[in-house]
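Novice: Provided below for reference: sequence and predicted model.
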Amino acid sequence: MRKPIRRVLVTGAQGLLGRALAAAIPRADGAVEVDLASRADLDVTDPAAVAERFRRSSPDAVVHAAAFTDVDGAEADPETCYRVNALAAGTVAREAGSSRAALAFVSTDFVFDGSKGVAYCEWDEPRPRGVYARSKRWGEELVLAAHPGALVLRTAWLFGPGGRSFVEKILERGAGGAPFDVVDGQFGTPSYAPDVAATLWKLLSRGESGIVHCVNRGVASRLEFARAILEAGGLDPSLARPTTEARLARPAPRPTFSALANLRLEAAGIRMRPWREALLEHLGVRVPGGAR
Ligand SMILES: NC(=O)c1ccc[n+]([C@@H]2O[C@H](COP(=O)([O-])OP(=O)(O)OC[C@H]3O[C@@H](n4cnc5c(N)ncnc54)[C@H](OP(=O)(O)O)[C@@H]3O)[C@@H](O)[C@H]2O)c1
């Protein structure tokens, strides 16, 4: 029998998604108490600290959003990346399982290698490339082994308030006024952290489990996304010039086509809005005929 959720522990609470969860959960359910654990007050790689936090907080549900998210940095420091993204996820899942708390683990489109050419469904076989991608896939496996009832929510290309995502980086570069390079030929689904947070909470409070894809609607190349950001920010979209991944020579590989299909969400009657609409909301752009 599932416990009613009265208290939820959020790890990685100072991160982009963590902040969105901190806003979304009380908005959806004012009676739920949210225990926000930032890295400064809970290092998830310390099993004793995790156990102590569970004892003190006694959560009915946990959202594990803490992660090592520096994709290129992971290639230089694989041990830290595997400790945070995989081993610590297993620790949190064991604690949640043994205290009968519901659990959501946040994962990524990077678990796929990008060779499929059309959007990935929940049943597609993951083939992670690079340290970050492999660590997140291992995290999924450890979480589901330790807590078979856990929700594993895969999302992608997050942007939102309070973070320094691709959106903010592109606006900063555009504000400089000089042309700059953005990868063309790399496709995915930009996703708005507040939309993902609200949906995650809906699923967790309904008791959903297993792997669920959760992205805004639509597919974009990085270049197309960058140009949409510049345009929405009142800057010249042509400042973003196409380049290739090979020319950027970054340490970590990226999937060329990692769009996700929200099959399980749609089967549950949940339809995400288009990423362009969410981008305009994020940048405070008024849409003619829209609410803002
Ligand atoms: N951002 C994306 O585009 C994206 C795409 C797909 C999936 N995801 C997944 O979504 C989740 C949330 O990502 P995000 O974008 O919110 O990332 P984020 O902004 O980097 O937030 C992650 C948070 O985890 C914290 N953290 C790192 N190591 C920790 C540790 N040992 N103990 C406790 N906290 C620790 C970080 O603290 P510091 O800042 O102090 O390091 C940061 O506050 C992650 O699981 C990520 O893999 C993100």
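Specialist: Structure received. Numbering: from 1, shown residues only.
Novice: Name the residues of the stretch 151-292 of the chain found near the ligand, please.
Specialist: Residues of the stretch 151-292 of the chain lying near the ligand by C-beta under 6 Å from any ligand atom: Thr155, Ala156, Trp157, Leu158, Gly163. For the C-beta atoms, the positions are set from N, CA and C on the backbone; glycine is no exception.
Novice: what are the phi and psi values for the second one?
Specialist: So the one you mean is Ala156. Taking degrees, to the nearest 10, you get phi -160, psi 150 for the backbone angles of Ala156.
Novice: returning to that earlier point: relative to the ligand, which of the residues of the stretch 151-292 of the chain next to the ligand is nearest.
Specialist: Leu158 (3.7 Å; C-beta to the nearest ligand atom).
Novice: low-scoring pLDDT stretches of the protein, where are they?
Specialist: Residue ranges of the chain with pLDDT under 70: 1, 287-292.
Novice: Quick one: the strands in it, in order.
Specialist: 7-11, 33-37, 61-64, 102-108, 151-155, 158-159, 180-183, 187-188, 191-192, 210-213, 220-221, 240-243 (DSSP state E).
Novice: In this structure Lys136 contacts Phe112, no?
Specialist: No. Assessed by C-beta atoms under 8 Å, Lys136 is found out of contact with Phe112, at 10.9 Å.
Novice: Export the strands of the chain as TSV, with columns for mean neighbour count and distance to Glu122.
Specialist: Shown next, in TSV, are the strands of the chain (neighbours: other C-beta atoms under 10 Å; distance: least, C-beta to C-beta, whole Å):
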stretch	mean neighbour count	distance to Glu122
strand 7-11	25	24
strand 33-37	18	28
strand 61-64	27	19
strand 102-108	26	11
strand 151-155	25	8
strand 158-159	25	19
strand 180-183	18	27
strand 187-188	22	17
strand 191-192	25	16
strand 210-213	21	5
strand 220-221	20	21
strand 240-243	17	32
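Novice: Nearest to Ala268, out of those?
Specialist: Closest to Ala268 of the strands of the chain, according to C-beta to C-beta: strand 210-213, at 8.4 Å.
Novice: For the closest one, name the packing helices and strands.
Specialist: The contact analysis (3 or more C-beta pairs under 8 Å, 6 or more residues apart in numbering; DSSP states H and E) places strand 210-213 against strand 151-155, helix 263-267.
Novice: follow-up on the earlier one: need the max-distance pair from the residues of the stretch 151-292 of the chain next to the ligand.
Specialist: Across these, the longest distance by C-beta to C-beta is 14.6 Å; it joins Ala156 and Gly163.
Novice: neighbour-wise, which of the two wins?
Specialist: A direct count of neighbours by other C-beta atoms under 10 Å for Ala156 and Gly163 places Ala156 higher, at 24 against 18.
Novice: Give the full set of residues in contact with that one.
Specialist: Thr108, Asp109, Gly188, Thr189, Pro190, Ser191, Val215, Ser258, Ala259, Leu260 (C-beta atoms under 8 Å, 6 or more residues apart in numbering).
Novice: Look up how far Trp275 lies from it.
Specialist: 10 Å (C-beta to C-beta, to the nearest Å).
Novice: overlap in contacts of those two?
Specialist: With C-beta under 8 Å, 6+ apart as the test, Ala156 and Trp275 both reach Thr189, Pro190, Ser191, Val215.
Novice: Would you mind listing the residues touching both of Lys136 and Phe112?
Specialist: Going by C-beta under 8 Å, 6+ apart, residues that sit against Lys136 and also against Phe112 are Pro128.
Novice: And the two? Which one has more around it.
Specialist: Lys136 (28 against 25).
Novice: biggest helix in this protein, by residue count?
Specialist: helix 131-146 (DSSP state H).
Novice: From the contact counts, what lies against it?
Specialist: Partner elements for helix 131-146 (3+ C-beta pairs under 8 Å, 6+ apart): helix 71-76, helix 78-82, helix 88-98, strand 102-108, strand 151-155.
Novice: mind listing what the nearest residue to Val50 once chain neighbours are set aside touches?
Specialist: Excluding the flanking residues, the one nearest Val50 by C-beta to C-beta, 6 or more residues apart in numbering is Thr91, at 5.2 Å. By C-beta under 8 Å, 6+ apart, the residues touching Thr91 are Val44, Thr45, Pro47, Val50.
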